[in-house]
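> Got a sequence here, can you model it:
(one chain, ligands or ions: 1)
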Amino acid sequence: MTLTDDFLRIRRQFPHTKEVVYFNAGSYGPFSTGVKKAIEGNVDLRLKAQRDDSRDAFVTTDELRSIYARLVGARKREVGIGLNTSHGLNIAAFGLPLRKGDEVLVSDVEFPALVYTWRAAAQTRGLKLKFVKSRQRCFDFDQLQRAITKRTKVLAVSWVQFFNGYKNDLMTLSDFCRERDIFFVIDGIQGMGVEPINLKKLDVDIFTSGCQKWMLSPQGCGFFYLSDRIRDRLTQPFMSWLGSDWHMDFTNFFKYDRPFFESARRFEMGYYVVLNIMAMRAAAQMFLDLGIRNIQRHNYALIDSLADFIDSHPSYRITSSMERKHRSSLFCFTCDGYKQLHRELLKNRIILAQREGSIRVSVHLYNNEADIDKLIGVLERFAKG
Ligand SMILES: Cc1ncc(COP(=O)(O)O)c(C=O)c1O
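Numbering: from 1, shown residues only. Okay, here's the model as predicted:
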């Protein structure tokens, strides 16, 4: 089987492709039939309620820690299963060893999840939150160098900017942070599943991502990576009974002396969101099967076709970076009357978002050339008026 066959086979697992053209994984991803089956399987089990299945979630969650560790090039003990991106951001903002007056740098074009969390932590802990000026609405390395002071202790950025798809160069940023002893925190949600990453090769302290977008899982689930280096230096901003190791022996609940897990699992939150866990595993399997590098190649090839059209058409203008280092699976463009164009696209059953003055096209593994052609068809008609 060729890679094209693999993508064809995967597309068949997404029933929405028969009804709509979906370019909106940057907001939230569609379900595959495998995900539906996994959720239904668990609903069925609970409907029948014939056995105690409470241990299944422990097994599945453990598998998920391994799967996600593989997907990001981490060790299993560095990965915890979370509730969303914010879960890991909160571990960072309230758990990192920081002192009153320490400075935290974030971008001035950042998604609110990161800003709100760090602002709350700054107020609670007496930190100083500083915004790094962007250049042409992209995170800017020169401005970062200018913003740094002796008190700078944290850099927290999105891997990929949500509104224009600009991908940060993590290697450069992580080297920069390491040389200056600055904690490096990444909101990875807009790159996770579509951009390869190897956290072992990067000096990242904390990486966190919801899985509701590109990872094609339900809303309200995610994972976080806490590097071996940082984990035991974190204070525990919240604690759950399952952050301690019961050795799966739940016969005496009055043991209040269970030792904490020596892993990221210590920062998970209570019993599992079981329907989501089951769905996450089914979804993650596709990423293991296809390989994230292949998914990236597939997505970029489709985006290239669209970009060629946009670039050569006088009515449209690309607003994403197409530079190899900074491009992603989020592709944005604009035109006069882009809001009207957005409505027109939705009317034609092409599902995508508009963000900050642009049309945002999220290209993913279930898309194909026919989807791009359909989009181009509407753009051609719209431009003719
Ligand atoms: C960059 C970025 N971070 C975070 C989020 C969402 O955060 P959470 O998963 O905590 O809801 C989004 C989109 O919803 C996003 O685009």
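> what sits up against stretch 23-32?
10, 13-14, 16, 22, 162, 165, 190, 212-219, 279, 282-283, 286, 329-330, 350-353, 360-364, 366-367, 371, 375 (C-beta atoms under 8 Å, 6 or more residues apart in numbering). No exception for glycine: its C-beta is placed from N, CA and C like everyone else's.
> where exactly do the strands run in the chain?
Per DSSP state E, the chain carries strands over the ranges 21-22, 79-82, 103-107, 128-132, 152-158, 183-187, 206-210, 222-226, 317-318, 330-334, 350-351, 353-355, 358-362.
> Where does pLDDT dip in this protein?
Residue ranges of the chain with pLDDT under 70: 1.
> Narrow the contacts of stretch 23-32 to those in helices?
Among these, DSSP state H puts 10, 279, 282-283, 286, 371, 375 in helices.
> who's in contact with the residue nearest the centre of the chain?
The residue lying closest to the centre of the chain (C-alpha atoms, centre = their mean) is Ile189, at 1.5 Å. Ile189 makes contacts with 85, 158-159, 208-210, 213-214, 222, as judged by C-beta under 8 Å, 6+ apart.
> filter the residues you listed by proximity to the ligand?
Contacts with the ligand within those, counted by C-beta under 6 Å from any ligand atom: 85, 158, 210, 222.
> Those: which two are farthest apart?
The two members of the ones next to the ligand among the contacts of Ile189 with the most space between them (C-beta to C-beta) are Ser158 and Gly222, at 14.2 Å.
> who has more neighbours, those two?
Applying other C-beta atoms under 10 Å to Ser158 and Gly222 shows that Gly222 carries more neighbours, namely 28 against 24.
> Find the closest residue to the ligand in the stretch 201-350 of the chain.
Gly210 (3.0 Å; C-beta to the nearest ligand atom).
> you'd agree that residue is up against Thr85?
Yes - Gly210 is within contact range of Thr85, at 4.3 Å (criterion: C-beta atoms under 8 Å).
> Any chance you could list residues touching both of those two?
189, 222.
> Can you pull the residues of the stretch 101-250 of the chain lying near the ligand?
For the stretch 101-250 of the chain, the contact set with the ligand under C-beta under 6 Å from any ligand atom comprises 111, 113, 158, 162, 187, 189-190, 210, 222.
> For the residue nearest to Lys339 when sequence neighbours are not counted, grab the count of nearby residues.
The shortest distance from Lys339 to any non-neighbouring residue, by C-beta to C-beta, 6 or more residues apart in numbering, is to Gln354 (6.5 Å). Burial of Gln354 is recorded as 18 neighbouring residues (other C-beta under 10 Å).
> so the longest helix anywhere in the chain versus strand 358-362, what angle?
As assigned by DSSP H, the longest helix anywhere in the chain is helix 292-312. Interaxial angle of helix 292-312 relative to strand 358-362 (axes from the mean of the first three to the mean of the last three C-alpha atoms, to 10 degrees): 150 degrees.
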